[in-house]
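**Student:** pasting the sequence and the predicted model now:
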Amino acid sequence: MTSSIYKHSDNVFWFDVMPKGEENFISVYIIIDEKIALIETGPASSNTNLQNGIEAAGINLKDIDYIIPTHIHLDHFGGGGHIMDLCHNAQAVVHPKAYKHVSTIDRWWEGSQDFLGEIAELYGKPRPISESRLISAEEGHVLSLGQSNLRALYTPGHAPHHITWVYGDEAFVGDSLGLWYSDLNVSFPVTPGYYRHDLALDSIDRTSSLDLRFLHHTHFGPRPAEGALDQVKAEFEIWMSTVEEGYRKNLSSKEIVEILFDTRSGLKQTDMNHGVHQTATHLGSVEGMLNWLRRKDAQRR
C-alpha cells in the first residue's frame, strides 16, 4: 500500500502507516536535516507501509540516522526492530526503563499480549535490537540533527518510559496527551493498567509550560498547540471524575465506558471509526484509571 506523504514544514514530514489497513490511526514523522530522524515506527504489522512511506519521502533506508519512539508500546515501536534490520546505519533512542525490553523482547511481548490480547497479535511480534545500536535518553538529553536538535522531556503517566521529543516550538507527544482525531475534534486519554494519574497531569503541565506552536500526535497527526493543552487536561480530569464516580458505585468497566460514550461528544464515533483498535483502548483506559483508584485506596488503608 502506497503512503501519502504530508509536508508539515521544510524539515518535518509525516504519513499514515495504516496497520492492517486501519486509516487515520497511527502517524509517524520524519525530520530531515543534516541527519535524518524517524519518530515512531508503528507496529510490526505495518512495516511494509512504513518502508513505503519512507521511500515515498525520497529517503533511502540506509540514510536514516536515528529511530526515535516516544515509548515502546507496540503501536509506537513494535516495528522498531524490523525497520532497524533494514536501516543499517541507524541507532534507536529509548528511555533507560525501556532499554532492556527492547534488546530482550520476551517480557515486552508477554506483557503486550497480556494487556492487549488479540490486538497484540494484530500488531505483530517485535524483534530485538542489539544494545550496541541503542542510545539511552533521559530528561534533557539533546540529540543534534545538524541545524536543529531534539530534546527529551520525560513525560510519564501513560508509561514509565515515555518521552516527549521537543523540536524547537513543536513537540512529538506520543500518548502523553492522549489521542486526538481532527475529523471529529475529539481528544481523550489513553491510560493503560499501570497508569499514574498524578504523573500524567504533571506531564501535561510540563508540556504546557513550553511555548509550543504544534503538537505532533501519534494518534493522529499534527495539531495546533493553542488551546489544546487546556482541553487535554480538562478531558483527563473529566474522565477520572466519571470513572471514580462509577468506581464508588461498583459499576463495571463496560458500564463506565457506556457513560463516557453518552456524555463525551464524539467519543462513541471514534469507537465506530476504528473498530477493535479503539474499542480495546477505551475499555483499557477505564480499567487503567480504576487500577489507579484501587492503588490509592490500598495506600490509605
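**Tutor:** Arrived safely. Residues are numbered from 1 along each chain as shown.

**Student:** how about Pro126, secondary structure?
**Tutor:** Three-state call for Pro126 (DSSP: H, G, I helix; E, B strand; the rest coil): coil.

**Student:** once you drop chain neighbours, what's closest to it?
**Tutor:** Spatial nearest neighbour of Pro126, excluding adjacent residues (Cβ to Cβ, 6 or more residues apart in numbering): Gly78 at 4.8 Å. The C-beta positions use only the backbone N, C-alpha and C, and glycine is treated the same way.

**Student:** for Pro128, see how far away that neighbour is.
**Tutor:** Separation of Gly78 from Pro128 (Cβ to Cβ, to the nearest Å) stands at 12 Å.

**Student:** neighbour-wise, which of these two wins?
**Tutor:** Gly78 (29 against 16; other Cβ atoms under 10 Å).

**Student:** distance of Lys7 from Ala171?
**Tutor:** Distance of Lys7 to Ala171, given as Cβ to Cβ: 18 Å.

**Student:** quick one: which of these two has more around it?
**Tutor:** Using other Cβ under 10 Å, the more surrounded residue of Lys7 and Ala171 is Ala171, with 26 against 10.

**Student:** right, and that one touches Arg151 too?
**Tutor:** No. Taking Cβ atoms under 8 Å as the definition, Ala171 is not a contact partner of Arg151, at 9.4 Å.

**Student:** what touches both of those two?
**Tutor:** By Cβ atoms under 8 Å, 6 or more residues apart in numbering, Ala171 and Arg151 have these common neighbours: Trp165.

**Student:** just the helices in the chain please.
**Tutor:** 47-56, 74-77, 80-84, 96-103, 106-116, 118-123, 197-208, 228-248, 253-263, 267-300 (DSSP state H).

**Student:** could I get these as JSON lines with mean pLDDT, mean neighbour count and distance to Gly178?
**Tutor:** As requested, the helices of the chain are exported to JSON lines (pLDDT from 0 to 100; neighbours: other Cβ atoms under 10 Å; distance: least, Cβ to Cβ, whole Å):
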{"stretch": "helix 47-56", "mean pLDDT": "96", "mean neighbour count": "20", "distance to Gly178": "23"}
{"stretch": "helix 74-77", "mean pLDDT": "96", "mean neighbour count": "27", "distance to Gly178": "14"}
{"stretch": "helix 80-84", "mean pLDDT": "98", "mean neighbour count": "25", "distance to Gly178": "22"}
{"stretch": "helix 96-103", "mean pLDDT": "92", "mean neighbour count": "19", "distance to Gly178": "20"}
{"stretch": "helix 106-116", "mean pLDDT": "84", "mean neighbour count": "16", "distance to Gly178": "17"}
{"stretch": "helix 118-123", "mean pLDDT": "87", "mean neighbour count": "17", "distance to Gly178": "18"}
{"stretch": "helix 197-208", "mean pLDDT": "98", "mean neighbour count": "18", "distance to Gly178": "9"}
{"stretch": "helix 228-248", "mean pLDDT": "98", "mean neighbour count": "17", "distance to Gly178": "6"}
{"stretch": "helix 253-263", "mean pLDDT": "96", "mean neighbour count": "16", "distance to Gly178": "13"}
{"stretch": "helix 267-300", "mean pLDDT": "85", "mean neighbour count": "17", "distance to Gly178": "9"}
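
**Student:** residue contacts, Met84?
**Tutor:** Ile67, Ala90, Ala92, Arg127, Ile129, Arg133.

**Student:** try 7 Å
**Tutor:** Listed by Cβ atoms under 7 Å, 6 or more residues apart in numbering, the contact partners of Met84 are Ile67, Ala90, Ala92, Ile129, Arg133.

**Student:** could you export these as CSV, including pLDDT, distance to His101 and neighbour count?
**Tutor:** Below are the contacts of Met84 laid out as CSV (pLDDT from 0 to 100; distance: Cβ to Cβ, whole Å; neighbours: other Cβ atoms under 10 Å):
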residue, pLDDT, distance to His101, neighbour count
Ile67, 99, 16, 26
Ala90, 98, 19, 23
Ala92, 98, 12, 26
Ile129, 97, 10, 24
Arg133, 98, 15, 17
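
**Student:** taking these one by one, which sit in strands?
**Tutor:** Ile67, Ala92 (DSSP state E).

**Student:** sorry, back to before: tabulate the helices of the chain (CSV), appending distance to Gly146.
**Tutor:** Listed next are these as CSV, based on distance: least, Cβ to Cβ, whole Å:
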stretch, distance to Gly146
helix 47-56, 19
helix 74-77, 24
helix 80-84, 22
helix 96-103, 26
helix 106-116, 32
helix 118-123, 33
helix 197-208, 25
helix 228-248, 29
helix 253-263, 45
helix 267-300, 36
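
**Student:** of those, which is nearest Trp14?
**Tutor:** Comparing the helices of the chain by their distance to Trp14 (Cβ to Cβ), the top pick is helix 47-56, with 8.8 Å.
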